[in-house]
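J.: missing the sequence, but the structure's below:
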């Protein structure tokens, strides 16, 4: 039997922080979800084999929000779960209006100010400060 490494158990996820008008879009994970149920999170999901994180975040935004992202940049957000490798993106431009097109995954989506994020039950509470900073960073990058 071989030695297990972190690479054997790591799940790569890609997430998007959509920012506009001083707010970030978060989705509320359905209470019946296996992981991080009934908590607020960025939209996103697994990076499929052979897929780049950029392609994954574009696909996830189409599948879960019904939008096509057009302006984005890598945005480091680390989570404290050693089984997850996260590629996050700050998204400041997209086509379409975000809607919950994956109700089996999320039961709500909302735009939050930095102050409102302070009291949310987040899937990854350690990301709170980076989510709050994304609002200011997104405003600075919006043309």
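T.: Looks like it arrived, so ask away. From a predicted model like this one, the values you see are computed outputs, not experimental measurements.
J.: Identify, by residue count, the longest strand of the chain.
T.: strand 84-95 (DSSP state E).
J.: Listing partners with orientation, what would you give for whatever helix or strand comes next after it?
T.: Following strand 84-95 in sequence order, the next helix or strand is strand 106-112 (DSSP states H and E). Using DSSP bridges, the strands paired with strand 106-112 are strand 23-29 (antiparallel).
J.: Just say helix, strand or coil for residue 62.
T.: helix (DSSP: H, G, I helix; E, B strand; the rest coil).
J.: Touching, it and residue 68? I think so.
T.: Yes: using C-beta atoms under 8 Å, residue 62 is in contact with residue 68, at 6.3 Å. Every C-beta, even on glycine, is put in place using the N, C-alpha and C of the backbone.
J.: Which one's more surrounded, those two?
T.: residue 62 (15 against 12; other C-beta atoms under 10 Å).
J.: can you list contacts of the longest strand of the chain?
T.: Contact with strand 84-95 is made by 10-20, 42, 44, 47, 53-54, 56-57, 61, 67-79, 134, 137-138, 141-143, as judged by C-beta atoms under 8 Å, 6 or more residues apart in numbering.
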